[in-house]
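K.L.:
Starting from these lines, generate the structure:
(chains A and B)
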Amino acid sequence: MSAMITLKNVSKWYGDFQVLTDCSTAVEKGEVVVVCGPSGSGKSTLIKTVNALEPFQKGEIIVDGLSVGDPKTDLPKLRARIGMVFQNFELFPHLSITDNLTIAQEKVLGRSKDEARQKGLHYLDRVGLKAHAAKFPGQLSGGQQQRVAIARALSMDPIAMLFDEPTSALDPEMVNEVLDVMVELAHEGMTMMCVTHEMGFARKVANRVIFMDKGAIVEDCAKEEFFGDIKARSERAQHFLSKILQH
Amino acid sequence: MNYNWDWNVFFKSTGIGTEIYLDWFISGLGWTIAVALAGWIIALILGSVLGVMRTLPNKTASGIATAYVELFRNVPLLVQLFVWYFLVPDLLPERAQIWFKQDLSPATSAYLSVVVCLGLFTAARVCEQVRTGVQALPKGQNYAAMAMGFQQAQIYRYVLLPQAFRIIIPPLTSEFLNIFKNSSVASLIGLMELLAQTKQTAEFSANLFEAFTLATVIYFVLNMSLMKFMGWVETRLRVPGMMGGAK
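P.N.:
Numbers count the residues shown, from 1 in each chain, chains lettered A, B, ... in the order given. Model (predicted):
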């Protein structure tokens, strides 16, 4: 069976500057893959190429059998099937929480108002925020906004979820409420690709860990291997791990 | 200054039918409002389209909009009005020329010229406001909307423009007031709007000071009311927790 997400030798340049170099990996259905690495290593750019938010110049990305780089691929349709959660939440500030949850269901998937509302509120309840349905994003805390953003993505019934540093913009006390939701999702078998520095999360639920540096994938191995035998890791990865695992 | 103010002049007969001078001012104000509102509708629609074009990745679209802005912003308004009134009609096909110059009343043809002129002139300015509004939004909003599967037109319709217009209400208010003030150029092609009626009153009655004082007061009250109206619109559209809106 082919993987849910496959990247083959993906390279990307901004002008002369190469931001991704020959990145290859695969995410199987139901797998949770954590992508980590120092800032500027290309993690966020890599995850954004998966649903074509960022174009790439070389290589191939296949999502659920469709080639992302193929001009014939209906990108909006493909994107609608992949949930994405961003560092800065990116809820739509002019819409109520309910409207944030339903607008794409109605306008993209063509669901009825009632169906969209029911589904949206179901997921809002699951992230523990049903009482806030009538509020606006600006009235919620960062952690609450991020949980709404996860509910918004789930309301579209995605085949996979991409997380781009979902806890990096949060106050420390709010990190866990978001990670709890993500752990629960992982346990339910959601296919997930997560750019994050939360190594506790990686240890708990990841199947594999990818380590990137300078636009290239340096390590791509099972969680047990990655955390088990640190001495066997590349020098760059050891250095990175020693810094973030110190405390 | 030794001047005998005579405020009763406005209630005196103009010598034409049963009209008093106040009737001229009322009729002039009517034309001023009719010119400005029609011009504003053109400016708002065309300006929004051009503003969106300037933010598109498509080079041709943004190039056309940029050229438009440069052309209409860098030629004096009065020159533009003379072009629309004296030159453009001569370039029309013969039947349209006859219609414009003979079938239409002089007031109507002057009205059409000045509405088109002010509409297109102000559109260039609205375009720049809309462009700034869209560009002021975080890039992540566009990403989030794309990731949910919206088509480009939907992204503008549901995500970017509703936010951009809220941001630009204050500068748009300025343009809205400007079009009322700029409408006074119509007096130079014989349209009897407020300024033309004022000049006519001054000449007929020789009460120059009273006539221009009343005109000043009318313009001032009109623009103050418009400003209050736009302030009310801004409050109505304010979203809790967004851009200084109360939580």
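
K.L.:
Which positions in chain A make contact with chain B?
P.N.:
Contacts of chain A with chain B, taken as C-beta under 8 Å from any C-beta of the partner chain, map to A:48, A:51, A:53, A:76-77, A:79-84, A:86-88, A:90-94, A:103-104, A:107-109, A:135-140, A:152-153, A:156, A:162. C-beta here means a position set from N, CA and C on the backbone, and glycine is covered the same way.

K.L.:
tally of neighbours for the residue in chain A that chain B sits nearest to?
P.N.:
Going by C-beta to the nearest C-beta, chain B is nearest to residue A:138 of chain A, at 2.0 Å. By the other C-beta atoms under 10 Å in any protein chain shown criterion, the neighbourhood of residue A:138 contains 18 residues.

K.L.:
Just confirm it is within a strand.
P.N.:
No. Residue A:138 is assigned helix when assessed by DSSP: H, G, I helix; E, B strand; the rest coil, not a strand.

K.L.:
Backbone dihedrals for the closest residue in space to it that isn't next to it in sequence, please?
P.N.:
Spatial nearest neighbour of residue A:138, excluding adjacent residues (C-beta to C-beta, 6 or more residues apart in numbering or on different chains): residue B:241 at 2.0 Å. Main-chain torsions, residue B:241, degrees, to the nearest 10: phi 80, psi 0.

K.L.:
Same check on residue A:109?
P.N.:
phi -90, psi -10.

K.L.:
per-residue confidence at it?
P.N.:
Looking at residue A:109, its pLDDT stands at 97.

K.L.:
Hmm, the residue of chain A closest to chain B is touching residue B:242, no?
P.N.:
Yes. In this structure residue A:138 lies within contact range of residue B:242 using C-beta atoms under 8 Å: 4.8 Å.

K.L.:
where do the contact lists of those two overlap?
P.N.:
Both residue A:138 and residue B:242 are in contact with residue A:93, where contact means C-beta atoms under 8 Å, 6 or more residues apart in numbering or on different chains.

K.L.:
Show me what counts as buried in the longest helix belonging to chain B.
P.N.:
Counting residues, the longest helix in chain B under DSSP state H turns out to be helix B:21-55. Within helix B:21-55, the residues scored as buried using 16 or more other C-beta atoms under 10 Å in any protein chain shown are B:21, B:23-25, B:28-29, B:31-32, B:35-36, B:38-40, B:42-44, B:46-48, B:50-55.

K.L.:
Can you pull the poorly scored residue ranges out of chain A?
P.N.:
In the predicted model, chain A carries pLDDT under 70 at residues A:1, A:246-247.

K.L.:
That one: helices as residue ranges?
P.N.:
A:43-50, A:75-80, A:97-107, A:113-126, A:142-154, A:172-187, A:199-205, A:223-228, A:235-244.

K.L.:
cool, and chain B?
P.N.:
B:21-55, B:59-73, B:77-82, B:88-91, B:94-98, B:106-135, B:139-147, B:152-154, B:161-167, B:169-182, B:194-205, B:208-237.

K.L.:
Redo the ones you listed as CSV? Include distance to residue A:227 and mean pLDDT.
P.N.:
As requested, those are exported to CSV (distance: least, C-beta to C-beta, whole Å; pLDDT from 0 to 100):
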stretch, distance to residue A:227, mean pLDDT
helix B:21-55, 45, 97
helix B:59-73, 49, 97
helix B:77-82, 70, 97
helix B:88-91, 75, 94
helix B:94-98, 79, 92
helix B:106-135, 44, 97
helix B:139-147, 30, 97
helix B:152-154, 43, 96
helix B:161-167, 43, 96
helix B:169-182, 53, 96
helix B:194-205, 79, 95
helix B:208-237, 51, 96
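
K.L.:
Number of residues surrounding whichever residue of chain B sits closest to chain A?
P.N.:
At 2.0 Å from chain A, residue B:241 is the closest residue in chain B, using C-beta to the nearest C-beta. Per other C-beta under 10 Å, the neighbour tally for residue B:241 reads 16.

K.L.:
need the contact list for residue B:194.
P.N.:
B:25, B:28-29, B:31-32, B:184, B:215, B:218-219.

K.L.:
again, but for residue A:93
P.N.:
A:136-138, B:163, B:239, B:241-243.

K.L.:
And it, how close does it get to residue A:222?
P.N.:
Shown here: residue A:93 relative to residue A:222, a distance of 41 Å by C-beta to C-beta, to the nearest Å.

K.L.:
ditto for residue A:175
P.N.:
25 Å.

K.L.:
Of the two, give the one with the bigger neighbour count.
P.N.:
residue A:175 (19 against 12).

K.L.:
who are the neighbours in contact with the closest residue to the more buried one other than its chain neighbours?
P.N.:
Nearest non-adjacent residue to residue A:175, counting by C-beta to C-beta, 6+ apart: residue A:167, 4.6 Å away. Residue A:167 is in contact with A:146, A:174-175, A:178-179, A:196, A:198, counting by C-beta under 8 Å, 6+ apart.

K.L.:
So which of the residues you listed wins on neighbours?
P.N.:
residue A:146 (30 neighbours).

K.L.:
For the contacts of residue A:167, work out which two are farthest apart.
P.N.:
A:174 and A:196 (14.5 Å; C-beta to C-beta).

K.L.:
ok, the spatially closest residue to residue A:147 that is not a sequence neighbour to residue A:137 distance?
P.N.:
Once flanking residues are discounted, residue A:147 sits nearest to residue A:127: 3.9 Å by C-beta to C-beta, 6+ apart. Distance, residue A:127 to residue A:137, by C-beta to C-beta: 14 Å.

K.L.:
Between the two, which contacts overlap?
P.N.:
residue A:148.

K.L.:
Let me see the contact set for the residue of chain B closest to chain A.
P.N.:
Residue B:241 touches A:93, A:135-140, B:247, counting by C-beta under 8 Å, 6+ apart.

K.L.:
what about the spatially closest residue to residue B:191 that is not a sequence neighbour, how many neighbours?
P.N.:
Once flanking residues are discounted, residue B:191 sits nearest to residue B:110: 4.1 Å by C-beta to C-beta, 6+ apart. By other C-beta under 10 Å, the residues close to residue B:110 number 24.

K.L.:
Hmm, residue B:193 and residue B:110 touching each other?
P.N.:
No. Counting by C-beta under 8 Å, residue B:110 does not reach residue B:193; the two are 9.4 Å apart.

K.L.:
what's the nearest residue to residue B:53 if we skip its chain neighbours?
P.N.:
residue B:65 (3.9 Å).
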